[in-house]
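Engineer: next input, structure requested:
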Amino acid sequence: MSARAAVATALAADGRTVVRRLASAPPLTLRQTGPCTVHLVSTAAGPLGGDRLALELDLAPRTTLELGSVASTLVLPGDGESEMLVTARVGAGATLRFSPEPTVLATGCRHRLLVRLDLEADASVFWREEIVFGRYGEEPGRCHARFDATRAGHPLLRQEFTVGDPALDSSPAVYGAARCVGNTFLTALAKGPAVAAGVAVLPLADGGTLVSALAADAVELRARLEWGERTAVDGDDSVAYGGDGRVPGLQ
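Structural biologist: Numbering: from 1, shown residues only. Model prediction:
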């Protein structure tokens, strides 16, 4: 199956953001749930092996879009490798928040997750990805994930990783006993690096911040990413959770 969905924004005369385009194709179905908010609703199983899915986001200058999903995405085995390509163009002064629910890699799947993010110099982006290594009690399928971000035509972040290779998954230098991995990219620049058990906040050389985390389950992963996100924005990890510096699941 091949399917393509798209969201595009425009700036109204009164300064409001208008969703001027909302195109869907199962299993990628988009629903506008607020003035600047769109949710992805899965209307068919998948992605299945062999599927080629694409989501395009196009934000006009000075507009705002928040995109989420109503449920996790379950990647299933099938005939060959599946692919999900997300392309986003964020115009000058525009703000994008991309935070879908986790992607779950069912046993036997083979999947590619590709993100291509193109920002104007003063665009603002929050982009969170979470991957769960299989359903409860099962080994994960294989996934190769790549994230490419450019700002004003210059490389900002290039990152890729693989899940589902036993030699990598079990290594204490890679995932160890973790069952989930997540990353959040923010154009906000952290004042400096911050590290706790299972999570790291890393300022990028050309501006922006990458928060990376590992965890035993999706709830713990979300807590760790949120701690890193708050630390990046607030610049003080000691007040991220009530002033005592504790992160749920970390101590």
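
Engineer: ok, the host helix or strand of Arg128: who's next to it in the sheet?
Structural biologist: Element membership of Arg128 [criterion: DSSP states H and E] is strand 124-132. Strand 124-132 sits in its sheet next to strand 95-98 (parallel), strand 103-105 (parallel), strand 180-186 (antiparallel), going by DSSP bridges.

Engineer: can I get the first one as PDB, trimmed to CA atoms?
Structural biologist: The one in question is strand 95-98. C-alpha atoms of strand 95-98 as PDB (Å, rounded to 0.1, in the frame of the first residue of the first chain):
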ATOM      1  CA  THR A  95       5.900  27.300  15.300                       C
ATOM      2  CA  LEU A  96       5.500  23.500  15.000                       C
ATOM      3  CA  ARG A  97       4.900  21.000  17.800                       C
ATOM      4  CA  PHE A  98       5.100  17.400  16.600                       C
END
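
Engineer: residues in contact with that strand?
Structural biologist: 57, 59, 63-67, 86, 88, 90, 123-128 (Cβ atoms under 8 Å, 6 or more residues apart in numbering). Just so you know, the C-beta spots here come from the backbone N, C-alpha and C atoms, and that holds for glycine as well.

Engineer: helices or strands next to the helix or strand of the chain with the lowest mean pLDDT in the packing?
Structural biologist: Between all helices and strands in the chain, the lowest mean by mean pLDDT, DSSP states H and E belongs to helix 166-169, at a mean of 78. Contact partners of helix 166-169 among helices and strands, from 3 or more Cβ pairs under 8 Å, 6 or more residues apart in numbering; DSSP states H and E: none.

Engineer: centre of the chain to that helix, how far?
Structural biologist: Chain-centre distance of helix 166-169: 23 Å, with Cα atoms, centre = their mean, to the nearest Å.

Engineer: in the stretch 151-251 of the chain, which spans are strands?
Structural biologist: 154-163, 180-186, 194-196, 199-203, 209-215 (DSSP state E, counting those that start in this stretch).

Engineer: can you redo these as CSV with distance to Thr29, mean pLDDT and mean neighbour count?
Structural biologist: Listed next are the strands of the stretch 151-251 of the chain as CSV, based on distance: least, Cβ to Cβ, whole Å; pLDDT from 0 to 100; neighbours: other Cβ atoms under 10 Å:
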stretch, distance to Thr29, mean pLDDT, mean neighbour count
strand 154-163, 26, 94, 15
strand 180-186, 25, 97, 22
strand 194-196, 38, 93, 17
strand 199-203, 33, 95, 20
strand 209-215, 29, 96, 23
